[in-house]
Each structure stands twice: as structure tokens, then as C-alpha cells.
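*Asks:* When you get a sec, could you give me coordinates for this:
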Amino acid sequence: MRGKAKIIVTVFAVAMLIPSVALATLRKVEKEVFVEDFEEGTLNQLAVDEKEENQELRVPETLETVKDGGKAALHLIGRALHNRVYYRDRKFEDFSLEVRLKKTSGNYAGVVVRDHWRVYLQMRNYLSLNCDLKGFEGELFKSRETFDGYHTLRVVCAGPLLHVYVDGQHMFDYDIGAGQGRVGFYSHGRGEAYYDDLRIDTHVDPVEYLAVEPRPAGNCLVFPPDKDVNLQFKLSNYSGLEQRVSIAVSVKTWDGAVVKQQMSQQVSAAANEGGATEFDIGRIPAGFYRTDLQASCAAKQFCKIDDLPMAVQELGSGEFKAPVIPVAAYYKYFNKKTPLYQNTYAHAAARSLKDHHFNAVVADPSFSREAVDIFKSYGIATISRSGALVDHPAVIATLVSDEPKPEEIEKLKQDYQKLYETTDKPITTCLVGEGMGLGAEGDPLWIWRQLDPELRCFRWYGVKKSFYGLLHDPKYKGWLPLSSVLRIAEASSTTPYWFVAPALGKTDHEAYYHKPTPAETRGIMHLAMAYGADGILFWAFQSHRGWPCFVDQQSLQPIDGNYAAAAKVAAQIKAHADLLAALRLGGMDVRCPSPVVDARPLHDSRVADRRRKFVYVVNKDARNPVSTRLLLWAERWAVSSVRDVYSGRKLDVNRDNEGYTAVPLALAPGEGQLLATDVADLNEKK
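*Replies:* Next up is the predicted model:
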């Protein structure tokens, strides 16, 4: 504790025998108002929950009072698991808790109210909410802002409502149900924090008992573009007083442009009852918007929501067919975790993916069965995680674990076996593909021999520095170029494989994680198809945790041209999936003199004797177009017709003076063409 004078120090020993901690005293300063400034250092009311007193990892490592910035403060460092210390022998029902809080390191640190509800700052100091009650697992809220240094956190419990404020600014509300419980301090994952000026007031303003929430049909705000938008809201009053409320709504784009001007209405709610109102917004052009909702009572604003999502779009037709070649993106949802938000975003994301010719989505932990149903209604299949929802007809496979280490393989084999007892759908694990073919123990080839999966999966993020891209392999790392990695994956097994491509990145100049350019994205997808990939998965759809991906996390607007580039190739894959899935290596000897063009001879495995022959050509130079030729030795190979399957364009066929039949090629950066030919083997005719 450099620079901080300790007043009283109590450090929990490794084996703690006494659950009560001689550390905290709440002082009653007026009727039902309690304070603690930690100046006296006589903190004798805190205790570890009696159910956890003998669980070493549930007991904080450090709980002490120190001088911080000239004032006394409570200093808490937790252990690995969820550590809570409560004010014992006192339960609160309706109250406000206010405290100055500073989190300095570790995972989580904050306060706990009503025994189970934790309001805390997480690793990067985003404000969050979680709970240990069944049915409320995971992160229930996460702020867009971060809070470094000291801030005043205020948590209000009013009937079933939880309200949270930081420095007087309303952050979020949550329905936690009515009840009572203890209050205290919370840490997880060695979260370290300082607390000062604690105040608990059981006099709660009647306004805090008010709640306004949307009441849409289908638990989502999605409207067809050919009908008027009608927004319905429910007012709840959990106080013993009649209250009159002003509710106002407006519709804006995510960058703040007004689509529909603010409209307001007055609504009355009797004591312990509610009310309702609706707003006829009228027609709105197709798009994804945010609704601003404000509500006030007695000149005090109690509700301000500026991120309520609303989609105006054509709903899915409900038609669904499992894709021949999945083109998917990992779904990374970090907005509010309520059914209305999650379902509305699922509709908007599904529409976006469908319009960009993607046919599958990789689920994240926010996915419910309802979310799978929503994506299915747009024809989008789901790839689940860890076996969740695998019984759903729209779930086509499940991913288990991620980038496992060699010592984890035995456990992974057991997980596979357990899942195979409940499903016959493919089970796979994404492996790190940059080291493919290098012979190390973590090489995907080694892991696949151990797992023997019926579907293989690996990722390749080799475009980590903008110099290398697809053309120059980073030899200093010992990696092989993408085309070699894909060839090894194709040739090493007859089982199908999925390829995970990067959509993430931060800069375009020598970044460790360079974001692929549109041309690189095209090239990556075409190379995967040329080398027999049975699916392409992108990490990830939404930008998250500081990583730009295809679209913005909130607005779902494309970050750059990458999404459109992927959509163009996805459309080509969708239109010709049956053919692409049937193509196999071989059929003719074709050459290309350009060092930047991959030219792969392929044949349609559905046709006997390799009589239907193709060439997949890809320009690996993502910066420059290339003009070159395909060459076939004329004495062996007869060809009169070459056509690009994707564009339908016919290519010229010429005989040069060196004994070759030549097909001139012009390829844009990262472009791929699938060329159908009438090539015949003259030796076979003889």
C-alpha cells in the first residue's frame, strides 16, 4: 500500500475460522438513515455469509481501512470466486445506498443489495449488474461508459425496482422483484476497490416506485414498413400514492438524426396500480432506429432511455432449409440483456445477415430458443455453443471449447462423447490454424488425430500485419501462407472442414491485428472455396470490446466496406453451393505464370470420369489487379469454351506460338473466378 497510511488492518488468513469481521459499523444519524465514513476504523458489523464461512475462496483476501487521498477508506481485495461481506443482523427492503467507489485492479468490485444483486465495475471499469439467483445468470447490464477513479454510485431498491445512478446520472433500471435482504461489498477475480462515504437511506422518493416500459406484441419492437408504427407503453406504480406521469417518445437514427419528433402524453396511475398509453408514430422508412423514451413525475425525471431499439423491416418468411455451405458470423451481443432488446436486435441482425447473403450465425451466450426461432424465420441457421439448444431443428452443429491446449484434449474427448449421446449433429472445435502443418503438439493435424471429429474447424488470422496479407507469409513466425494451410487441411483428411476467417482488426498499418481490407476478405473467401472448405465462419459480426468487426455493436451499421465485400462472395457461394460442395481437386494440368494467382484444377465429383472440369483462379494480391493467362498444353488438352460461373462471362481461348492453349485473365485485387471449361483429355480419346 505505497503512499497510503493504514488505520486498522484485518487480513483474512488462508484458513479463516471466524466469519465475523471486526471491521464495520453503520451509524444512525437520523430516523432510518445510516452512514459510515470509515474514519473511526471501528468496523464491527461486517460478516461473511454463514453458508460461505468455511469456503476459503469465498472469503476476501483483504478487508481493511486505509488512508487514501487524505481520507479513510475501506480497502477490499477479493479472491478467485464471488466474495461478499454483508452488514450482519440488518436487512433492508426499500432504500437507497450511496457510496464513493474506486476500482483499481482485478475483475469485479462493487456492492451487493438484497443479498443477491451485485452492482459493480468490471475489468475495464464498465458498470455492470449480475445476480446469483437461478434464472438470472450472466451479465444483466453493461454500460457503454467506463468509470476510472472515484465515482459516486447510488443504488435504489423500491419495491421490485432497482435503479442505478453514477454521479447523479441515471444508468439503468432492472426488475428484481420485491423483497428484503442485506447490503454489503462485493469482489470477484481478485477485484480490488476502495469505498468511502457510505450512506443508506430508507426514505425512498415515491417517484422511484414508478416504471415505464414498452409493451410490444411479440416482445420486440419490429414493424413492417408498409404499416404505421404504434408504440405502446405500460406505467407501473408500486407506491401507495396516486401519481401522474408525463411520457415522451421520439425516434432517431443511431447517429442522432430525428426521424419522428418528440410526442408526449399524460398518464395517471392509482396507488399500487398502473396505466397504459400508446403513440401512433405513423409510417417510417425501412431501417434500424433508436427510440428515445423519457418519463417524469412532479418535475422529476425518473426514466430516460436513449437506446431502445426499433426495427422497421420485412419480417422473415419462415422458410428454412439447412445450408449446403454455411457462411456465418459469430454473434457478439453486448447490449442490454432483456428479452425486448435481445429479440429486437436478433430480428435486425437476421435481416442484415440475410440481405448480405449469410445463411448461418454462430450463437453467443445470449442466445435463447426464441433467438434461434427468430433467425430461423429469416432462413438463418444457428451453430450453437457447447451443445446448447442442439435439439432445435435450426441448429445445424455445435462448437465445443475453443482453441484447446494439448493437455485439454482428453477432457474434450469426454465432452464429445457425452454430447454424442444426445445428438447426431456435427460437433466441432475451432483450432488455431496458423501453425498448421508445422508438426508442433498443438498443430491442428495432431489434435484432429486425437479427437477424430466428423467435422473439423480451424481459424487463420495470418493477415495480422498489413505488409503480409495473403501474398507474403510471415516467415519470421514460421507460418505457412493461407493457400498452403488450406491445402493441408484439404489433403489431410476426407472429413469436411470449416474455416474461420477474421473480420476483426484495429488499424491498416502494421497492427498486430490488422483488419482485413475488402479485397483481402474477398481473397480469403475465394481461397477457402478453391481449397474445398465446407463452410466459412467470420469472427465476428458485431464490433465488441474495442475490436471493429463487420458492424457497429449498437446501430448494426457496417464499419467499412468489408461486410459488403463478404456479401458479394457469399451471394456467389449461395447461388452455386451445390456445385462448390461437389468440386474436387484434379481433372487436368493447368498452369498460370503469375506468382500472385492460384489456379486450381477441379472436377465435379457428381459426374463420372471427371468429364466436367473447372479452374478456380484467385488473385492473392489484395492491392493490385493482375493480367495473366491460363495455359494448357495443346497436344494433351483440348479446350474451346471457358466461362466464369459467377459472372456468366465467356473468356477468350487462343493458341499461342509455344504450344499452349491460352486463356487471358484479368482479376481485380482479391477477386476469384470459377471457370467452367469443356476441356477434354486427348490421350483418353486415343
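*Asks:* can you give me the helices in the stretch 501-650 of the chain?
*Replies:* Taking DSSP state H, counting those that start in this stretch as the criterion, the stretch 501-650 of the chain contains helices spanning 518-530, 562-575, 577-582.
*Asks:* and the angle for the first one with helix 562-575?
*Replies:* Calculated by axes from the mean of the first three to the mean of the last three CA atoms, to 10 degrees, helix 518-530 forms an angle of 20 degrees with helix 562-575.
*Asks:* In the stretch 201-350 of the chain, mark out all the strands, start to finish.
*Replies:* Counting by DSSP state E, counting those that start in this stretch, the segments of the stretch 201-350 of the chain that form strands are 210-214, 222-223, 229-237, 243-252, 258-269, 274-282, 287-297, 300-312, 327-330.
*Asks:* Need the winner for burial among the ones you listed.
*Replies:* For the strands of the stretch 201-350 of the chain, the stretch with the most neighbours on average is strand 327-330, a mean of 25; neighbours defined as mean count of other CB atoms under 10 Å. Every residue, glycine included, has its C-beta placed from N, CA and C.
*Asks:* And the contacts of that strand?
*Replies:* Judged by CB atoms under 8 Å, 6 or more residues apart in numbering, the contacts made with strand 327-330 from elsewhere in the structure are 353, 357-362, 364, 381, 383, 503, 535-541, 550, 566, 570, 573-574.
*Asks:* Quick one: buried ones out of those residues?
*Replies:* By neighbour count, with 16 or more other CB atoms under 10 Å, the contacts of strand 327-330 hold 353, 357-362, 364, 381, 383, 503, 535-541, 550, 566, 570, 573-574 as buried.
*Asks:* So which of these are in strands?
*Replies:* Counting by DSSP state E, these place 360-362, 381, 383, 535-539 in strands.
*Asks:* farthest pair in the residues you listed?
*Replies:* Distances among these were taken as CB to CB; the most separated pair is Ala381 and Trp539, at 17.5 Å.
*Asks:* if I averaged out where everything in the protein sits, which residue would be nearest that spot?
*Replies:* Taking CA atoms, centre = their mean as the criterion, Lys332 is the residue nearest the geometric centre of the chain, at 0.9 Å.
*Asks:* From Cys549, how far off is it?
*Replies:* From Lys332 over to Cys549 the distance is 7 Å, taken as CB to CB, to the nearest Å.
*Asks:* Which residues are in contact with each of the two?
*Replies:* Contacts common to Lys332 and Cys549, judged by CB under 8 Å, 6+ apart, are 540-542.
*Asks:* rewinding a little: in this model Phe538 seems to touch the residue nearest to the centre of the chain, though I could be wrong.
*Replies:* No. Between Lys332 and Phe538 no contact is recorded; they are 11.0 Å apart, counting by CB atoms under 8 Å.
*Asks:* okay, and the common contacts of the two?
*Replies:* With contacts defined as CB under 8 Å, 6+ apart, the residues adjacent to both Lys332 and Phe538 are Cys549.
*Asks:* Distance check, the nearest residue to Phe614 once chain neighbours are set aside against Ala577.
*Replies:* Among residues not flanking Phe614 along the chain, Leu602 sits closest, at 4.5 Å (CB to CB, 6 or more residues apart in numbering). Here Leu602 is placed at a distance of 15 Å from Ala577 (CB to CB).
*Asks:* Please apply the same query to Gly532.
*Replies:* From Gly532 over to Ala577 the distance is 13 Å, taken as CB to CB.
*Asks:* More neighbours: which of these two?
*Replies:* Each of Gly532 and Ala577 had its neighbours counted (other CB atoms under 10 Å), and the higher figure belongs to Gly532 (22 against 16).
*Asks:* Surely Ser484 forms part of a strand?
*Replies:* No. The assignment for Ser484 by DSSP: H, G, I helix; E, B strand; the rest coil gives helix, which leaves it out of any strand.
*Asks:* mind checking which helix or strand the residue nearest to it when sequence neighbours are not counted is in?
*Replies:* If the residues on either side of it in the chain are set aside, Ser484 comes closest to Gly437, at 7.0 Å by CB to CB, 6+ apart. Taking DSSP states H and E as the criterion, no element holds Gly437; it sits outside all helices and strands.
*Asks:* give me the beta-bridge partners of Ala676?
*Replies:* Legend: beta-bridge partners of Ala676 under DSSP bridges are Phe614, Arg643.
*Asks:* Just to check, Lys91 is in contact with Gly184?
*Replies:* No. Using CB under 8 Å, Lys91 makes no contact with Gly184, being 11.4 Å away.
*Asks:* Compare these two and say which one has the larger neighbour count.
*Replies:* Gly184 (23 against 14).
*Asks:* To Arg649, which of the helices of the stretch 501-650 of the chain lies closest?
*Replies:* helix 562-575 (13.3 Å).
*Asks:* Not counting its own residues, what contacts that closest one?
*Replies:* Outside of helix 562-575, the residues that reach it under the criterion CB under 8 Å, 6+ apart are 325, 327, 355-359, 503, 515-519, 521-522, 525-526, 529, 536, 538, 550-551, 558, 580, 646, 670, 672, 674.
*Asks:* now do stretch 261-280
*Replies:* Residues from elsewhere that reach stretch 261-280 (CB under 8 Å, 6+ apart): 210, 215, 228-250, 281, 292.
*Asks:* What residues sit buried inside stretch 539-549?
*Replies:* By neighbour count on 16+ other CB under 10 Å, the buried set for stretch 539-549 is 539-544, 547-549.
*Asks:* Please save the CA atoms from that stretch in PDB.
*Replies:* Backbone C-alpha positions of stretch 539-549 (Å, rounded to 0.1, in the frame of the first residue of the first chain) are rendered in PDB as follows:
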ATOM      1  CA  TRP A 539     -15.100 -13.600 -36.300                       C
ATOM      2  CA  ALA A 540     -17.200 -11.600 -35.700                       C
ATOM      3  CA  PHE A 541     -20.500  -9.900 -36.800                       C
ATOM      4  CA  GLN A 542     -20.700  -7.100 -34.200                       C
ATOM      5  CA  SER A 543     -17.800  -4.900 -33.100                       C
ATOM      6  CA  HIS A 544     -17.000  -5.600 -29.400                       C
ATOM      7  CA  ARG A 545     -14.600  -4.800 -26.600                       C
ATOM      8  CA  GLY A 546     -12.700  -2.300 -28.800                       C
ATOM      9  CA  TRP A 547     -12.400  -4.600 -31.800                       C
ATOM     10  CA  PRO A 548     -14.100  -3.300 -35.000                       C
ATOM     11  CA  CYS A 549     -15.700  -6.100 -36.900                       C
END
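*Asks:* and it, what's its mean pLDDT?
*Replies:* Averaging pLDDT along stretch 539-549 gives 94.
*Asks:* just stretch 666-679 next, same as before
*Replies:* 98.
*Asks:* how about it: buried residues?
*Replies:* 667, 669-677, 679.
*Asks:* distance between it and the chain's centre?
*Replies:* On the basis of CA atoms, centre = their mean, to the nearest Å, the separation between the geometric centre of stretch 666-679 and that of its chain is 35 Å.
*Asks:* now swap in stretch 96-109 and tell me
*Replies:* Centroid separation between stretch 96-109 and its chain, computed with CA atoms, centre = their mean, is 26 Å.
*Asks:* Could you do stretch 148-159 as well?
*Replies:* For stretch 148-159, the distance from its own C-alpha centre to the chain's C-alpha centre is 27 Å (CA atoms, centre = their mean).
*Asks:* Please enumerate residues in contact with that stretch?
*Replies:* Contacts of stretch 148-159 (CB under 8 Å, 6+ apart): 92-102, 110-111, 113-114, 119, 125, 162-168, 176, 178, 194, 196, 204, 208-209, 238-239.
*Asks:* Show me those residues that map onto strands.
*Replies:* The members of those that map onto strands under DSSP E are 95-102, 110-111, 113, 119, 162-166, 194, 196.
*Asks:* do you know how far Asp201 is from Asp89?
*Replies:* Using CB to CB, which is the criterion applied here, Asp201 is 19 Å from Asp89.
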